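> Could you look at this predicted model? Sequence included:
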Amino acid sequence: MLFWCCCVSLAVADDIQVNDQNLYSRKGADTCLKCHDEDYKYPIFPIFYNKHGNRNDPRSPMAQLQCESCHGPGRAHATEPKVGFDRAPIISFGRNSPASKDKQNGQCLQCHNDHGRQNWAGSAHERQDMLCVDCHKLHERHDPVLQITQQSEFCYGCHKKQRAEFARTSVHPVRYEKMECTQCHNPHGAVTDAMLKTNTKNDTCYRCHAEKRGPYLWTHAPVAENCGLCHEHHGSIHTPLLKKRVPLLCQECHTSTAHARNPYDGSAVSSQSAFVLAKGCLNCHSQVHGSNHPSGVKLMR
Ligand code: HEC
Ligand code: HEC
Ligand code: HEC
Ligand code: HEC
Ligand code: HEC
Ligand code: HEC
Ligand code: HEC
Ligand code: HEC
Ligand code: HEC
Ligand code: HEC
């Protein structure tokens, strides 16, 4: 690879305050790349094409302590050990690393303890002792977990039930690569039970289905309360994403309404019954989320 020609120098910026100068290598990445070059077994260089390698961003590692922003002080490691001695250790990442979970994640959180991850501590994933690098690959040009085409496979690795849900007939189109888990979830934790990006489930739905928020002249009470009373969130065998099919769905709450005989009371189960034919209750009550028509009080127009 020609990118790393000798006229480019990545000397550490002068204004960086290093606590203990003696622990860090003097020339930053230049020192490391003497040994970790193109021929090294592990490909280092793609990092220079992603955000961590962007020297023009003063917040990025490459504008600060460079490799050592993440891997920690490495001067001793970069020095050839005396014969018979091991090379001094340096922080490495992943499940095989001797560094503890807190040490590894701490290296990332020194820069990433911001808004998006303020709920990481105590989150479902943190409690499972997950590492940032269980999901993130930093020496690649494009971190796979950030790609809509690849993300769900990461999650399905552990969330097998959800894989099955998204394979149903009526789904949020994750398997068509038109949506990803993180449009609704924050994998770093959130204040809700299911780590939703918004404070309530309905707020999550309104982000994309804004028209269902209303306000309606005639509201159907359960809609504003919880979309989940009628809809599945991932996938369902009843289109569109319904928990049950109509009229059973409606009958969960409207068992003996004034007009409607129970559609399954025997007398109604005939080919004539408007209650069970085709869209059932929806044949007449078509505006199931709410109506803005002056005479839409029964959600019929
Ligand atoms: C003089 C050569 C040399 C220099 C300079 C050097 N390394 Fe290494 N480094 C190695 C070798 C050799 C290994 C492999 C050790 C092994 O396989 O047991 C290694 C391993 C590593 C590992 C894997 C962790 C481990 O303990 O196995 C990391 C991470 C690493 N180096 C980062 C750095 C960083 C960051 C710098 C710059 C501060 C740096 N290295 C400078 C030779 C060097
Ligand atoms: C933003 C943090 C970050 C920066 C900056 C960074 N690395 Fe890494 N490095 C990692 C992580 C995380 C891994 C573990 C594998 C992965 O995620 O890709 C890793 C893996 C490695 C490995 C392989 C270690 C092993 O276990 O075999 C080496 C060697 C290495 N980095 C050297 C470097 C060098 C040299 C630089 C500077 C040019 C550098 N790293 C910059 C985070 C970083
Ligand atoms: C020295 C500070 C620093 C450290 C240490 C650091 N990062 Fe970053 N990271 C950044 C900056 C700056 C960005 C770019 C943010 C932006 O553009 O808004 C970034 C971006 C990212 C992104 C988004 C990449 C993208 O393409 O959008 C991920 C994921 C990430 N970091 C993960 C990590 C992980 C995991 C670690 C620990 C192994 C880590 N970072 C260590 C500063 C750091
Ligand atoms: C369960 C997998 C997973 C774990 C564990 C994880 N992340 Fe992420 N991370 C993601 C996904 C997926 C995205 C993309 C989020 C999106 O598109 O909104 C992301 C996005 C990011 C971003 C860039 C976008 C942003 O929110 O600023 C950064 C930075 C980041 N993660 C850092 C971290 C750090 C630091 C840790 C460890 C404390 C961590 N991640 C742990 C999956 C994970
Ligand atoms: C290494 C395994 C693993 C991976 C990979 C993983 N998770 Fe998880 N996740 C868990 C475990 C374990 C829990 C906590 C147990 C539970 O509540 O089901 C959890 C909990 C959750 C929860 C909250 C469940 C609740 O009831 O509070 C959500 C949402 C979630 N994960 C989404 C994701 C997403 C999105 C991804 C991919 C970016 C992902 N997970 C990747 C293991 C994983
Ligand atoms: C359209 C938004 C949306 C998308 C996309 C989405 N989820 Fe969810 N997810 C939800 C909602 C809403 C809940 C349940 C909240 C509640 O009722 O407490 C949930 C719950 C969960 C739970 C907790 C257990 C459960 O099933 O109730 C896990 C784990 C989970 N989702 C993982 C994933 C994974 C993995 C993906 C991507 C493959 C994903 N989700 C995509 C909205 C979504
Ligand atoms: C990030 C955007 C997004 C969020 C958030 C979201 N949806 Fe969706 N929803 C979609 C997309 C995209 C489709 C697929 C539309 C299509 O197939 O034409 C869809 C489809 C649906 C459908 C089926 C529509 C049909 O015609 O088949 C229902 C029902 C639905 N969503 C309900 C919900 C509920 C309930 C929530 C909250 C838990 C929610 N959505 C959150 C984007 C979103
Ligand atoms: C009382 C049950 C019920 C509740 C609560 C409910 N829905 Fe529906 N929803 C339905 C039914 C039934 C259909 C099918 C309508 C049809 O086929 O004409 C539907 C269809 C949809 C559709 C696809 C067709 C369309 O009208 O765009 C979307 C999207 C949708 N609902 C989103 C939501 C959202 C978002 C919420 C919460 C704010 C919600 N629903 C609450 C019963 C409900
Ligand atoms: C989770 C419970 C629940 C479900 C499921 C449900 N509803 Fe309702 N519905 C209500 C409540 C509560 C009201 C408000 C009753 C009131 O104001 O007296 C209501 C009101 C109505 C009204 C207006 C009644 C009036 O007097 O103005 C109609 C029509 C209606 N629902 C039809 C349906 C249909 C059709 C379905 C199935 C698609 C359905 N409902 C599913 C709870 C539900
Ligand atoms: C053939 C058309 C039709 C079908 C099908 C239908 N309804 Fe109705 N529904 C009406 C009419 C008309 C009214 C208004 C009656 C009135 O004002 O006295 C009504 C009123 C209601 C009311 C309000 C009750 C009240 O006391 O005013 C509810 C709740 C309701 N329907 C639920 C349902 C449910 C649930 C189903 C499916 C099992 C259903 N409807 C199927 C025509 C229909």
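Alright, I've got the coordinates. Predicted, not measured: the structure shown is a model, and the values here were computed from it. Numbering: from 1, shown residues only. Ligands and ions are numbered 1, 2, ... in the order given.
> CA only for contacts and neighbour counts going forward, please
Fine.
> Not counting sequence-adjacent ones, nearest residue to the residue in the stretch 51-200 of the chain positioned nearest to ligand 8?
Residue nearest to ligand 8 within the stretch 51-200 of the chain (C-alpha to the nearest ligand atom): residue 172, separated by 10.1 Å. Distance criterion C-alpha to C-alpha, 6 or more residues apart in numbering; nearest residue to residue 172, sequence neighbours excluded, is residue 234 at 5.9 Å.
> ok, how many other residues are close to residue 281?
Neighbour count for residue 281, taken as other C-alpha atoms under 10 Å: 22.
> Please shift the residue numbers so they start at 51 in all later answers.
Okay, residue one is now 51; in that scheme the one you just asked about reads as residue 331.
> Could you check the pLDDT of it?
pLDDT for residue 331: 87.
> With the one 10 residues further on instead?
In this prediction, residue 341 carries a pLDDT score of 96.
> Next secondary structure after the longest helix seen in the chain?
Assignment by DSSP state H gives helix 151-162 as the longest helix of the chain. Scanning forward in sequence from helix 151-162 by DSSP states H and E, the next helix or strand is helix 174-177.
> is that next one anywhere near ligand 5?
Yes: counting by C-alpha under 6 Å from any ligand atom, contacts between helix 174-177 and ligand 5 involve 174-175.
> Mind listing what's buried along the very next helix or strand once past that helix?
In the C-terminal direction, the helix or strand that comes right after helix 174-177 (DSSP H and E) is helix 182-185. By neighbour count on 16 or more other C-alpha atoms under 10 Å, the buried set for helix 182-185 is 182, 185.
> which residues does the residue of the stretch 101-250 of the chain closest to ligand 8 contact?
By C-alpha atoms under 8 Å, 6 or more residues apart in numbering, the contact list for residue 222 reads 216, 229, 283-285.
> the strands in the chain, which residues?
With DSSP state E as the criterion, the chain has strands at 220-221, 268-269, 285-286, 340-341.
> Name every strand pairing with the third one and say which way it goes.
According to DSSP bridges, strand 285-286 forms sheet pairs with strand 220-221 (antiparallel).
> what separates the partner strand from the chain centre, distance-wise?
Averaging C-alpha positions (C-alpha atoms, centre = their mean, to the nearest Å) puts strand 220-221 20 Å from its chain's average.
> List of residues touching it?
The contact list for strand 220-221 (C-alpha under 8 Å, 6+ apart) reads 215, 284-291.
> Any chance of JSON lines for these, columns pLDDT?
Shown next, in JSON lines, are these (pLDDT from 0 to 100):
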{"residue": "215", "pLDDT": "97"}
{"residue": "284", "pLDDT": "98"}
{"residue": "285", "pLDDT": "97"}
{"residue": "286", "pLDDT": "97"}
{"residue": "287", "pLDDT": "97"}
{"residue": "288", "pLDDT": "96"}
{"residue": "289", "pLDDT": "94"}
{"residue": "290", "pLDDT": "96"}
{"residue": "291", "pLDDT": "97"}
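> one step back: from the contacts of residue 222, which is closest to residue 184?
The closest of the contacts of residue 222 to residue 184 turns out to be residue 229 (C-alpha to C-alpha; 21.7 Å).
> Count the residues that sit near that closest one.
16.
> can you pull the pLDDT of it?
96.
> Name the nearest residue to it, sequence neighbours excluded.
Nearest residue to residue 229 in three dimensions, chain neighbours excluded: residue 223, at 5.7 Å (C-alpha to C-alpha, 6+ apart).
> Distance check, that neighbour against residue 233.
Using C-alpha to C-alpha, to the nearest Å, residue 223 is found at 12 Å from residue 233.
> For stretch 138-147, what is the distance to the chain centroid?
From the chain centre to the centre of stretch 138-147 is a distance of 26 Å (C-alpha atoms, centre = their mean).
> close to ligand 4, is it?
No: using C-alpha under 6 Å from any ligand atom, stretch 138-147 stays clear of ligand 4, coming no nearer than 11.6 Å.
> still on that earlier bit, the residue nearest to residue 229 is in contact with residue 217, isn't it?
No: if you go by C-alpha atoms under 8 Å, residue 223 and residue 217 don't touch, sitting 9.6 Å apart.
> Same drill for the two, tell me which one is more crowded.
Using other C-alpha under 10 Å as the criterion, residue 223 and residue 217 rank with residue 217 on top: 17 against 14.
> What values do phi and psi take at that one?
The phi/psi pair for residue 217 (degrees, to the nearest 10) reads phi -90, psi 0.
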